[in-house]
Structure formats: C-alpha cells, structure tokens
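Engineer: next come a sequence and a model predicted from it.
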Amino acid sequence: MKFLKGTKLYSILTGTCPVCQEESMYKEPNPYKLRKIFKMHERCSHCHTKYKIEPSFFFGAMYVSYGLGVAIAVAAFIVVYFFFGGGLMATFIGIIGTLVVLMPIIVRVSRNIWINLFLNYRKPD
C-alpha cells in the first residue's frame, strides 16, 4: 500500500492523517471494537493537524456513510440475487447482513473520506 502514499486514497484506506500520512487518526485501529469506534486523537503528533476542524465536524460524514451504505447494499443485492439466485427474502437478508457486518468499516471510511475532502497532503520538506 506504500505505493499510494501521498494520495487521498492512501489516507482514506489506512485512516492516517490526511496531511502527513504518518500516524493513524484513531486511538483504536480495530473498528470492530465498537466502544472505541469514534475515539480519535485530537491532533496528529507528527504534523499537529487538528482533526476536529470545528464542533460537530464529522456529522457531515453521515452523508458519505449513506452513499457508501447504498453502494454496498446494491453490490450485496447483485451478488445474492444474480450470482446465488436468491429470492426476495434471501436477497433482503443478504443486504441487511452485509450492512450490519460492514457497519464499523463504513463508519470509519466515511469519516476518512469526509476529512480528506477538507485537508490535503503536504510533502515533507
């Protein structure tokens, strides 16, 4: 994944600081520890970028989360309905199951996308 370093995609996929990409933004790297899913460092210890730019900054990530959820639900529908030949109930259960299992990852990735819309990578001097 090092070949992507310096791109927004690297920061989004790894959850690293969008400015220096040297440190994780999250205190707990495992998104499936649900009690700590939203726990973030206040600032990057490497470049001192403040992650929470303003109060309630990450509420905007809900819109990104909605879009990601719809895209994943459509993908789950296509897989269950067309590849496995599932009926209506099987398809519905497949979509719900996929969204529930991937919820922590969707939350983290949507936050990563949201902050990367506002902050850009700076090459080290």
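Structural biologist: Good, I have the coordinates. Numbering: from 1, shown residues only.

Engineer: three-state assignment of the most centrally placed residue in the chain?
Structural biologist: In the chain, the centroid-proximal residue (CA atoms, centre = their mean) is V109; its distance is 0.4 Å. Under DSSP: H, G, I helix; E, B strand; the rest coil, V109 falls in the helix class.

Engineer: give me the number of residues near C44?
Structural biologist: For C44, the neighbour count with other CB atoms under 10 Å is 20. In this view, the C-beta of every residue, glycine as well, is placed from N, C-alpha and C.

Engineer: once you drop chain neighbours, what's closest to it?
Structural biologist: Distances taken as CB to CB, 6 or more residues apart in numbering put C17 closest to C44, at 4.2 Å, once the chain neighbours are dropped.

Engineer: hmm, the one you found is touching K5, no?
Structural biologist: No. The pair C17 / K5 is not scored as a contact, 11.9 Å apart, by CB atoms under 8 Å.
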